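Participant: Okay, here's the prediction I keep looking at, along with the sequence it came from:
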Amino acid sequence: MRDFSANHEALSINTATVRKQWPLDEIIEACARRGIRAISPWRDQVANVGMKAIARQLKDTGLALSGYCRGGFFPAADKAGFIRALDDNRRAIDEAKSLNAPCLVLVVGSLPGALTGAPAHRDIARAREEVFEGIAQSLEYAVEAGMPLAIEPLHPMQAADRACVNTLEQALDICDRLDPKASRGLGVAVDIYHVWWDPKLKEQIFRAGGGRILAYHVCDWLVPTKDLVNDRGMMGDGVIELKKCRGWVEESGYAGFSEVEIFSDHWWSQPGDYVLDTCIERHGRCV
Ligand code: ZN
């Protein structure tokens, strides 16, 4: 297992962590100043500054990407909506390619309209079928573009509105069906916040192996958790056995970045420099 206490070479910052403090160009500057080697930006953050400017800045600062957030949200109320979702995923793949991302992260979606409180139907099995079909079709385009797709299972508390793929096992079943030989770049993003509770976690991490794990996201699970989306904890402040989990992930063959991703009203209210310094310190001590 790698020693994270000596330096923060393996650390990546998911730029949602400081999205309320700074626009993306300032986040990149703040990361570069600290010798952080990688980030994982969101599409809206890139669009707000401009794709060309961000691509240039990444090149100038030498920062790598550990992923690009995000594609997915395939299920739709009707056929036209599903086609729009596929179009949008092709654009996301193109953007990921422009930024030299190692993968596009997929938050697959679930009941259409649920995110805004107005689900078009309640048929989660239908949503799962559309997710499978959406990934299948997007994978064709992604293979041609040379862009790996990382399915991110989300905690079941988000099964209605954000993702109907909620366990690593479900995600890997999709990978096995669509890319049985692991030769087409379909894999998973293991976000420990979403999967830490799973009794099958260890066995599924070993099933995935290094080849299928395309990204590893860390933060912590707070007790009590006060918000279903925006109350993630800083590493060390919660109950996830982060070192044990990283041990399994590395033993399975994963040797990529360890990406800190914290959506938190608390941390968004702190100065950005303090948040990044805390991420570095906790990453070295607790992950
Ligand atoms: Zn994540």
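Facilitator: All right, it came through fine. Numbers count the residues shown, from 1 in each chain.
Participant: Would you state the strands of the chain in chain order?
Facilitator: Using DSSP state E, the strands of the chain run over residues 11-14, 38-40, 64-65, 68-72, 104-107, 149-151, 186-191, 213-218, 258-260.
Participant: Residue 6 and the ion: what is the separation?
Facilitator: Counting by C-beta to the ion, to the nearest Å, the gap between residue 6 and the ion amounts to 25 Å. Yep, even glycine has a C-beta here, placed from its N, CA and C like the rest.
Participant: Grab the nearest non-local neighbour of that residue.
Facilitator: With C-beta to C-beta, 6 or more residues apart in numbering as the criterion, residue 6 has its nearest non-adjacent residue at 7.8 Å, and that residue is residue 284.
Participant: The one you found contacts residue 9, correct?
Facilitator: No: at 10.5 Å, residue 284 and residue 9 do not qualify as touching, with contact defined as C-beta atoms under 8 Å.
Participant: Comparing those two, which shows the higher neighbour count?
Facilitator: residue 284 (17 against 13; other C-beta atoms under 10 Å).
Participant: For the more buried one, give me its contacts.
Facilitator: 4, 5, 6, 7, 8 (C-beta atoms under 8 Å, 6 or more residues apart in numbering).
Participant: hmm, 10 Å instead?
Facilitator: 3, 4, 5, 6, 7, 8, 10, 11, 235 (C-beta atoms under 10 Å, 6 or more residues apart in numbering).
Participant: Give me the neighbour count for the second one.
Facilitator: Residue 4: 19 surrounding residues under other C-beta under 10 Å.
Participant: Give me the phi and psi for it.
Facilitator: phi -90, psi 0 (degrees, to the nearest 10).
Participant: Quick check, it in contact with residue 260.
Facilitator: No: judged on C-beta atoms under 10 Å, residue 4 makes no contact with residue 260 at a distance of 11.3 Å.
Participant: surely residue 185 meets residue 96?
Facilitator: No: using C-beta under 10 Å, residue 185 makes no contact with residue 96, being 11.6 Å away.
Participant: ok, the two, which is more surrounded?
Facilitator: Neighbour tally, residue 185 and residue 96, criterion other C-beta under 10 Å: the higher count belongs to residue 96, 26 against 20.
Participant: quick one, what contacts that one?
Facilitator: Contacts of residue 96 (C-beta under 10 Å, 6+ apart): 43, 65, 67-71, 102-105, 142, 145, 147-149.
Participant: Enumerate the residues of this structure near the ion.
Facilitator: Counting by C-beta under 5 Å from the ion, the chain comes close to the ion at 191, 217, 261.
Participant: which residue sits closest to the last one, ignoring its sequence neighbours?
Facilitator: Distances taken as C-beta to C-beta, 6+ apart put residue 14 closest to residue 261, at 3.5 Å, once the chain neighbours are dropped.
Participant: Thought residue 267 was touching that neighbour, still the case?
Facilitator: No: between residue 14 and residue 267 there is no contact under C-beta under 10 Å: 12.0 Å.
Participant: out of the two, which sits in the more crowded spot?
Facilitator: Shown here are residue 14 and residue 267; by other C-beta under 10 Å, residue 14 has more neighbours (27 against 23).
Participant: residues contacting that one?
Facilitator: If you count contacts by C-beta under 10 Å, 6+ apart, residue 14 has them with 38-42, 66-67, 69, 105, 191, 215, 217-219, 259-263, 279.
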